[in-house]
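Peer 1: structure of the sequence below:
(chains A and B)
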Amino acid sequence: MKSLDSILAIQPGLHGAARADASGNVLDAAGQLDAESLCAVAAMCKVPLEHAAEMLGLGGLRDFSFSYAQGAFYVHHDGGFVCVVGAPSKSPETVMKKIAQAAGGDSP
Amino acid sequence: MSNALIGLNQIPGVIGSAIFNAQDECVVHMMPTPYDPELLGRVMAELRNSLNILAYLDENATWSAIVIRYEGGYLVVRSLQGLTIVVLAQPTLNPAMLSVGFNVAALKLEKEGVPPPLHVPLPLPLPPPPAATPPPAPMSHPTPPPLAPTQMMPSLRSTLTGMPAVQAQPTSPPPPPPTAVSSSQNISISQSGRIPMAVTPISHSSPGVAQSGTGQIYRDSVDSGITHRAPDSVGPMVMDGLLKALARHIGPFAKLILKEELHKLGATAATLGFGQYEDFIGMLAGRLQDPAKRREFVQEAERLPHKR
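Peer 2: Okay, the predicted model is just below:
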């Protein structure tokens, strides 16, 4: 498992990362972000996204990202989860893939 | 409208796609059975729940894309021209291809209008039937009618070969109103006002305690330079104590709840005064579903000002 600093280095524009347990309690943070708020939100978002998966039969949640005009929010689940914030990306899927690989060796 | 979905469905790995209007009603879809519009509407509601939660980070932010990767595939959602396009895809999806597909879909949507929602409005109530006939079923418990065959895609194979999208037929029976099928609505806590959603208390069965946030909410507010501690403010010790007490009951989300309730009072952690304290405690307590936890929290909160 790479450090959060090295996760931030995988893609230009990423400026903050945090690692949390499954409940959203922050374990580690790096860069510029409100780690507690982000991790709490990520933990809460997991619930409706898992319900969506149940309805569609898609299985367990691995990663998700939300993109805004002002930025993007990436979350990789690995028991706990890693939250990363950064500039908006035209291909959030690609950033998610890189974060997943860097965070836990989970190759999509 | 359908041309946009045809293009998306031809991308390798895409299982199906659907378009929702600004009211989150499915207006057109190209999904194989069993992904019918009602199911898609419920999925969309869950996605909306997650967006509501996300509004805590920046309630003015307007999302443009959601990408969710599950063990069994992708759910990719894009906001285009006031519409929401949802794509269901297999794990083998090439995301770069899908990005291009969305760009093309946007161009096609520009040329095409927005069709009416697949959910046909409920008909006006009928006049009372003659006494000999049995009374109609109450409107509050409608029997879900089966979806018209024309509303469903016959097979995955036909979808992948670019079968035209299906739109509502004027004679389609009215489907039942969307109902909550999952408990996530019970924990959705948006008060942003941007998205209609019931405000409900939070209930966590086994919340963890925020580990590193003590005092952060106060420092956020003071260090920003926007606000300064008011002369009669309750101060950081009390705010820290409140955060800890709340976190014991609802976990890491306590900080966000605290901020939100402060915002409702027009206060910050640095400016909340003793005159507002009682109201503030009541508002926070209202977010706890369990009466015992609520009582415990209020008792602890009432002791805090004396500990300054």
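Peer 1: tell me the contacts of residue B:297?
Peer 2: B:245, B:246, B:249, B:284, B:285, B:288 (CB atoms under 8 Å, 6 or more residues apart in numbering or on different chains). The C-beta positions use only the backbone N, C-alpha and C, and glycine is treated the same way.
Peer 1: helix or strand for the closest residue to the first one other than its chain neighbours, which one?
Peer 2: Setting aside the residues directly before and after it, residue B:245 is nearest to residue B:300 in space (CB to CB, 6 or more residues apart in numbering or on different chains), at 4.5 Å. Residue B:300 belongs to helix B:291-303 when assigned by DSSP states H and E.
Peer 1: mind listing what's buried in that helix?
Peer 2: Under the neighbour-count criterion of 16 or more other CB atoms under 10 Å in any protein chain shown, helix B:291-303 has B:293, B:294, B:296, B:297, B:298, B:300, B:301 buried.
Peer 1: ok, now which ones touch residue A:88?
Peer 2: Taking CB under 8 Å, 6+ apart, one finds A:67, A:68, A:69, A:70, A:71, A:72, B:64 in contact with residue A:88.
Peer 1: show me where the stretch 201-308 of chain B has its strands.
Peer 2: Secondary structure of the stretch 201-308 of chain B (DSSP state E, counting those that start in this stretch): no strands located.
Peer 1: any regions of it where pLDDT drops low?
Peer 2: Along the stretch 201-308 of chain B, the model assigns pLDDT under 70 to residues B:201-231, B:306-308.
Peer 1: what bridges to residue A:85?
Peer 2: residue A:16, residue A:73 (DSSP bridges).
Peer 1: er, residue B:29 I mean
Peer 2: Going by DSSP bridges, residue B:29 forms beta bridges with residue B:18, residue B:166.
Peer 1: circling back to that earlier point, quick one: which of the contacts of residue B:297 is most hemmed in?
Peer 2: residue B:246 (28 neighbours; other CB atoms under 10 Å in any protein chain shown).
Peer 1: so the helix or strand of chain A with the lowest mean pLDDT, near chain B or not?
Peer 2: None of the helices or strands of chain A scores lower by mean pLDDT, DSSP states H and E than helix A:92-104, at a mean of 87. Yes: judged by CB under 8 Å from any CB of the partner chain, helix A:92-104 comes into contact with chain B through A:92, A:93, A:94, A:96, A:97, A:100.
Peer 1: residue contacts, the third one?
Peer 2: When the contact criterion is CB under 8 Å, 6+ apart, the partners of residue A:94 are B:95, B:96.
Peer 1: the first one now?
Peer 2: Under the criterion of CB under 8 Å, 6+ apart, the neighbours of residue A:92 are A:65, A:67, A:72, A:74, B:65, B:67.
Peer 1: could you pull out the helices in chain A for me?
Peer 2: A:4-8, A:35-56, A:92-104 (DSSP state H).
Peer 1: sorry, slip of the keys, the one I care about is the stretch 1-150 of chain B.
Peer 2: Ranges of helices in the stretch 1-150 of chain B, per DSSP state H, counting those that start in this stretch, are B:2-9, B:37-54, B:95-111.
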